[in-house]
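1. just need the structure, nothing else, for what follows:
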Amino acid sequence: MPRLQAATIAPARRLRGRLRVPGDKSISHRYALLGALAEGRSTLTNYAPGADCRSTLGCLRALGVDVSEGGEGSAQTVILMGRGLGQLRSPVGAINAGNSGTTMRLLAGVLAGHPFQATMIGDASLSRRPMRRVIDPLERMGARIEAVDGHAPLTVHGTRLHGMAFRPEVPSAQVKSAVLLAGLHADGVTRVTEPAPTRDHTERALVAFGGEATLDGLTVSVAAGQWLVGRALKVPGDFSSAAFWLVAAAALPGSCIEIDDVGLNPTRTALLDVLARFGARVTIELTDGDAGEPRGRIVVEHESAGHVSIAPGEVPGLIDELPAIAALAAHGGEVTVSGAAELRVKESDRIAALVSGFRAIGIEADERPDGFTVGGRAGGVKPRGGVADARGDHRMAMAFAIAALSAEGPSIIEGADAVDISYPGFFEMLERLVA
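-> Numbers count the residues shown, from 1 in each chain. Got it, this is the predicted structure:
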């Protein structure tokens, strides 16, 4: 079956339905990496089916890890035979992280503590993303990393590392995780003190595999020489993927979406407060907390459309959901985001891509250096529809699709196949939910 290059989105009055979303990308990456560093067999069910998490598995295979995959559609099961801490094998050639910044940054932390040289490459988009933020702390711990002006390809010369206390200037769960994973291979204790809280999946996953992570305020510490044990773990549904359906339900009158078995980690769910501020009715039911990752059911219903401003202090907890939040204003109201310059160094320049794509389908949008303002319907006039370019970015493709539902006529999303990075089947699900 040929890849989907463009998708046509017809206007919709409302979305209604009950569904599950694919496994969480962030958690899947971390479970796979820690499963490889553990001793014994790990079975990961509901592993994220997208291309990014497959890149992590491909890299681990290249490093000597026995990995098998099964299941169909989004019901993926991954089995890894862990090699133990510090026991990955030197790769024969370069290892390819594809489009996945998480793979490259976290794996850099792992490789820094192994006594061999490994080169990581990625696609054109990944090769433009900044890597200096992980290179600097890992070199402070003793590794040597070659890069091209702070970008991939990265050649990691691993060595015996020493623990350190690190204070990143910009909140980043990926940087924090890279340093903590390096700390498992270092002498002494490694501490990361964040300027603001970020998602804590690495800390929770480490405990799930039998390790320890100590939390003291904004400081997370790990000790060297921990013994990790393979586990059977189920990945909860991806909250960032669920965000697009939740936004659609909040924005379109008459809509109601219910999502089961989705991750409810408190470092990820700030969007629910944003939707309530916008005027939606939000119901949450916690059903489980397997491996320290809470999960449950979310119901979002449209009640009214208002105005939402996202302040800089909120951005770290909403960074992956900001494209979805922008789509709220396509259906009425207004969304303003500031303090989000980090969006410019994602899979695309998400600020420029959002504003350009929204304008292309007739939605008012203005770009600023660190954010944007989206105002949906001036004078109550619906967007006309048009052609929006996702620029190879999966979250852009999904945000434009949700925004285009409000238009008077059909819209075309170019590069819609980018959704395969995180959410294969997104457009099929969209067709099912249109009521």
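
2. pLDDT score assigned to L275?
-> pLDDT recorded at L275 is 97.

3. one more: L218?
-> Here the pLDDT value assigned to L218 is 97.

4. what about the residue nearest to it when sequence neighbours are not counted, how many residues nearby?
-> Once flanking residues are discounted, L218 sits nearest to E194: 4.8 Å by C-beta to C-beta, 6 or more residues apart in numbering. Where C-beta positions appear, they are placed from N, C-alpha and C, glycine not excepted. Taking other C-beta atoms under 10 Å as the neighbour definition, E194 ends up with a count of 21.

5. shouldn't E194 be in contact with P171?
-> Yes - applying C-beta atoms under 8 Å, one finds E194 in contact with P171, separated by 5.6 Å.

6. quick one: I412 and R359, what's the gap?
-> 15 Å (C-beta to C-beta, to the nearest Å).

7. okay, the spatially closest residue to A330 that is not a sequence neighbour: pLDDT?
-> Among residues not flanking A330 along the chain, A403 sits closest, at 3.6 Å (C-beta to C-beta, 6+ apart). Model confidence at A403, expressed as pLDDT, equals 95.

8. for A403, give its distance to A7.
-> The gap separating A403 from A7 is 13 Å, by C-beta to C-beta.

9. between these two, which one's more packed in?
-> Each of A403 and A7 had its neighbours counted (other C-beta under 10 Å), and the higher figure belongs to A403 (34 against 21).

10. now the more buried one, what are its backbone angles?
-> phi -60, psi -40 (degrees, to the nearest 10).

11. residues touching it, list them.
-> For A403, the set of contacting residues under the criterion of C-beta atoms under 8 Å, 6 or more residues apart in numbering consists of 326-327, 330-331, 358, 361, 363, 383.

12. next one: it from N96, what distance?
-> The span separating A403 from N96 equals 33 Å under the rule C-beta to C-beta.

13. next one: E414
-> Relative to N96, E414 is positioned 25 Å away (criterion: C-beta to C-beta).

14. with adjacent residues omitted, what lies nearest to I402?
-> Taking C-beta to C-beta, 6+ apart, and ignoring the residues beside it in sequence, I402 has A327 as its nearest neighbour in space, at 4.3 Å.

15. ok, P383 touching A407?
-> Yes - using C-beta under 8 Å, P383 makes contact with A407 at a distance of 4.5 Å.

16. tell me, what's touching those two both at once?
-> Both P383 and A407 are contacted by 361-362, under the criterion C-beta under 8 Å, 6+ apart.

17. between these two, point out the one with more neighbours.
-> Set side by side, P383 and A407 show more neighbours around P383, with 25 against 21, by other C-beta under 10 Å.

18. secondary structure element for that one, which one?
-> Assigned by DSSP states H and E, P383 falls within no helix or strand.

19. and it, what pLDDT?
-> Reading off the confidence values, P383 has pLDDT 87.

20. what's the answer for V355, then?
-> Confidence per residue is given as pLDDT, and for V355 that number is 96.
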